[in-house]
Each structure stands twice: as C-alpha cells, then as structure tokens.
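> just need the structure, nothing else, for what follows:
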Amino acid sequence: MPRYDSNFREPPWVVGSPKEVMDWVEASHPSKKKKHEESSKGKYLTNLHIRFDFDVDRRKVEPNTLFLKMISGKLIEEDFELIPVAELILRGLAKAKFRNTAKIVVDGDVLYEHPEKKSDLRKTIQGIDEFSSIIEKGKQVEITAIIADVEKATAIINIKKVHKQKEHSVDIQIKGKIKEETYHVFLNYLNEKIGIKKDSED
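As a prediction, the model looks like this:
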C-alpha cells in the first residue's frame with residue numbers, strides 16, 4: 001500500500017520479496033517482449049461498410065418483373081456475370097478466415113441457409129455450381145458469411161447487376177469486429193482478382 005496519497009506504485013524493496021521487486025520493475029518499465037506481445041495482437045476495425053462499382057458497360061432498364069418493380073426509382077443494368085463475382089468474393093472471405101456461409105439469397109429467394117454449420121465456406125465455393133442455373137438468371141445475389149476469431153463478425157455482401165442509379169454494384173457490410181490485418185487481406189484479394197473501382201468506405 002502506498003505510504004503517500006498517490007496512485008504511483010511504490011517499489012517493494014522496503015518489505016518486498018524478490019518476486020515483488022521484479023513485478024514492480026516489469027510494471028514500471030515493460031520489457032520489449034511484453035511490448036511486442038501487445039503490438040502483435042493488432043488493431044480491430046468495427047462495423048465496416050465497403051461499396052464499389054465495376055468498370056463495365058451500363059444501360060438503363062425498365063422494370064418488367066415483379067422483383068424489378070419492387071425496386072423503385074430509375075434502374076441500370078451492368079454488364080458482368082453474378083457467378084464469377086460471387087465466387088471470387090467467397091474466396092476472398094475464405095482468405096480472410098471467414099469460415100461459415102450462413103445464407104445465399106437470389107432475387108429475394110433463399111437458396112441456401114445453414115447458420116449453425118461451421119467451416120463450410122470452402123464447400124460452398126466448390127458447390128456453387130449447384131445454384132448456377134438460378135444465380136445466372138438473377139439480378140441480385142446476397143451472401144452472408146461469418147467469422148468467429150477472437151471476435152465474431154458477420155459479412156453481408158450484396159452483388160447487384162440491376163440497381164438504382166445511386167446504388168453500387170457491390171455493397172459489403174461487416175458487422176462486428178475484425179482484425180485490421182484480416183480486413184486488408186480481404187480487400188487486397190478483391191483488388192488483385194477483380195480490379196475494383198472503389199467508391200467509399202466507412
């Protein structure tokens with residue numbers, strides 16, 4: 001207990017044991033090893049929102065299906081294929097240690113939903129051909145994936161061939177905390193494989 005009215009931790013050598021002395025030295029002047037351990041834990045990013053577009057041809061479309069009529073406002077259609085983009089984004093999530101594909105939704109219809117499964121994301125990538133005939137006819141696909149590392153986070157990816165003029169081709173929300181390093185692994189993979197034209201990031 002301090003002899004003076006202060007929060008400063010006093011050295012224990014008046015009544016302390018050798019262990020107490022070493023504890024005090026470590027608390028007062030942390031070793032390089034401890035500093036390295038603390039820095040290696042890394043920073044965490046919370047509730048990320050990434051939006052980007054592809055550098056492809058666009059055209060205005062008239063809503064001619066129930067799904068498109070539900071999307072109010074002026075619409076545009078982009079010239080890219082949903083399946084290869086969805087597959088690449090799934091691979092990027094796998095690289096970033098997301099392990100569970102919880103849900104796949106195409107044009108509002110749920111194709112796949114197994115939130116209780118673990119380590120199935122790579123199987124989903126391998127088995128995406130099972131849904132290919134439905135996805136390739138679709139206008140929008142939403143993928144929900146989960147990472148359970150030190151913290152748990154959920155990624156919700158919307159890929160839209162047809163969308164409002166002010167919206168983007170790809171809208172990714174990562175809810176919860178992920179390591180900054182993990183985030184950069186994912187983003188670097190997308191940059192390398194897709195060549196994204198990024199608009200904004202929160």
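
> residue ranges with poor pLDDT in this protein?
1-41, 63-73, 115-122, 124-127, 129, 150, 195-202 (pLDDT under 70).

> and the helices in it?
Counting by DSSP state H, one finds helices in the chain at the ranges 18-28, 32-40, 66-70, 82-95, 121-126, 132-135, 180-193.

> the shortest one: which residues count as buried?
Within helix 132-135, the residues that count as buried by 16 or more other CB atoms under 10 Å are Ile135. Where C-beta positions appear, they are placed from N, C-alpha and C, glycine not excepted.

> could you chop this structure up by domain?
Domains of the chain are assigned by automatic domain parsing as 1-41, 44-201.

> separation between Lys139 and Thr182?
Using CB to CB, to the nearest Å, Lys139 is found at 30 Å from Thr182.

> typo on my end, it should be Lys123
21 Å.

> the more surrounded of these two?
Taking neighbours as other CB atoms under 10 Å, Lys123 and Thr182 compare with Thr182 leading, 21 against 11.

> show me the contacts for the more buried one.
The contact partners of Thr182, by CB atoms under 8 Å, 6 or more residues apart in numbering, come to 96-97, 147, 149.

> just the buried subset of those, please.
For the contacts of Thr182, a burial check counting by 16+ other CB under 10 Å picks out 96, 147.

> in strands, which of the contacts of Thr182 fall?
Members of the contacts of Thr182 lying in strands (criterion: DSSP state E): Ile147.

> any idea which of the contacts of Thr182 is closest to Ile83?
Ala96 (20.6 Å; CB to CB).

> surely that closest one touches Phe186?
Yes: assessed by CB atoms under 8 Å, Ala96 is found in contact with Phe186 at 3.8 Å.

> in stretch 83-94, which residues are buried?
Neighbour count says stretch 83-94 has 83, 85-94 buried, by 16+ other CB under 10 Å.

> got TSV for those, with distance to Ile172 too?
Shown next, in TSV, are the buried residues of stretch 83-94 (distance: CB to CB, whole Å):
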residue	distance to Ile172
Ile83	18
Val85	12
Ala86	12
Glu87	15
Leu88	13
Ile89	8
Leu90	12
Arg91	14
Gly92	10
Leu93	10
Ala94	15
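
> for Asp53, state which of those is nearest.
Closest to Asp53 out of those is Val85 (11.9 Å), distances taken as CB to CB.

> give me the contact list for stretch 146-160.
Contacts for stretch 146-160 (CB under 8 Å, 6+ apart): 44, 78, 82, 85-86, 89, 93, 96-100, 102, 115, 118, 139-145, 167-179, 182.
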